[in-house]
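>>> need a structure here:
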Amino acid sequence: MKETFYAGAYWPGRKESAEECARRAETFFRLLSHCDPIYARWFEQAGSLKKALQLQFEPTYETFLRFFKSKKYSEGAFGVSFSAWTGHEENGRGGMVMLSCGSAVVPPPNSCRLYLPKVEPEAGRVLTVSVLAEVMRALVLAWEPYDGGIISRGYQELRNQPVGVPHVGWLMYFARHRGEVPPLPAPVRVEPIEDKGTLIVLTPERFTVSNPQHVSLADQVRALLDQAGLLRDSSASAST
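Model (predicted):
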């Protein structure tokens, strides 16, 4: 089974203006650009590959503000909805961002998801703890989510993790106000992301559901986080 991953950050209703969302988007794309060369250029999406490759943009505050105030991306009370891709024509070599920001309407929650490369050599560079920890840091510092992580689709499907509930993944993040992370078994690593919250790294090597030890460890951590109340659905929280 070929393992695939995506990075996600999620937060419940938080009404924000186009200006606030643009500021957060500029921060995210700027921090992400330092994680790997594939994140150096971005394109809007379109109905055809030819058209999309004509829509390269600079991820600046001014650009995002123009996008988010346009009819194409503004969804009124539901904030803004935006997606972009890295322009890699070969499937699985680049990435795509899907963003929902500024909505006070719940559910669904606001979110930022980054689809990670699937093939070499890009996957070999990006799918490492050192790079993915920086990806999570970019997500957290830009969007200030309640929770998030680097999610294995294989484990997600294996355990049928419910929509809306924080997922157990290779890396996981919980904001400080979600509660205290309990002691976790080795080789799990726990570290802060500045004053925002806690990053949990399940395994130092690439996680895979083909490894029974990885699955067993994920199950143990899932049970401990559930007991600590960290896997509760935050999508119905009050607007902030």
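>>> now the helices for this protein?
18-33, 49-52, 61-68, 122-126, 129-143, 153-158, 212-227 (DSSP state H).
>>> And the helix or strand of the chain at the bottom of the mean pLDDT ranking, what's buried?
Here the helix or strand of the chain ranked lowest by mean pLDDT, DSSP states H and E is helix 49-52, holding a mean of 84. In terms of neighbour count (16 or more other Cβ atoms under 10 Å), helix 49-52 has its buried residues at residue 52. Placement of C-beta: from N, CA and C, glycine included.
>>> gap between it and the chain center?
25 Å (Cα atoms, centre = their mean, to the nearest Å).
>>> Over to stretch 117-135?
For stretch 117-135, the distance to the chain centre is 14 Å (Cα atoms, centre = their mean).
>>> which other residues reach it?
2, 4-5, 7, 31-32, 34-36, 38, 88, 90-95, 114, 116, 150, 170-171, 199, 201, 204, 206 (Cβ atoms under 8 Å, 6 or more residues apart in numbering).
>>> Show residues contacting the least confident helix or strand of the chain.
Helix 49-52 is contacted by residues 43, 44, 45, 46, 85, 87, 89 when judged by Cβ under 8 Å, 6+ apart.
>>> what do you get for stretch 15-30?
Counting by Cβ under 8 Å, 6+ apart, 39, 42, 59-61, 64-65, 67-69, 74, 79-80, 82, 97, 99, 101-104, 112, 138-139, 141-143, 239 sit against stretch 15-30.
>>> Adding pLDDT and distance to residue 128, write the contacts of helix 49-52 out as a markdown table.
Output for the contacts of helix 49-52, formatted as a markdown table (pLDDT from 0 to 100; distance: Cβ to Cβ, whole Å):
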| residue | pLDDT | distance to residue 128 |
| --- | --- | --- |
| 43 | 95 | 25 |
| 44 | 93 | 29 |
| 45 | 88 | 27 |
| 46 | 84 | 32 |
| 85 | 94 | 22 |
| 87 | 90 | 23 |
| 89 | 73 | 24 |
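>>> With respect to residue 218, which of those residues is nearest?
residue 85 (29.5 Å; Cβ to Cβ).
>>> which residues of this structure fall in strands?
Assigned by DSSP state E, the chain shows strands spanning 5-11, 42-44, 56-57, 80-85, 96-101, 110-115, 147-152, 171-175, 189-193, 197-201.
>>> Sheet-wise, list the partners of the fifth one with their directions.
With DSSP bridges as the criterion, the sheet partners recorded for strand 96-101 are strand 80-85 (antiparallel), strand 110-115 (antiparallel).
>>> rewinding a little: take the contacts of stretch 15-30 and, keeping just the buried ones, write it as a PyMOL select command.
A single PyMOL command is used to select the members of the contacts of stretch 15-30 judged buried by 16+ other Cβ under 10 Å:
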select buried, resi 39+42+59+64+65+67+68+74+79+80+82+97+99+101+102+103+104+112+138+139+142+143
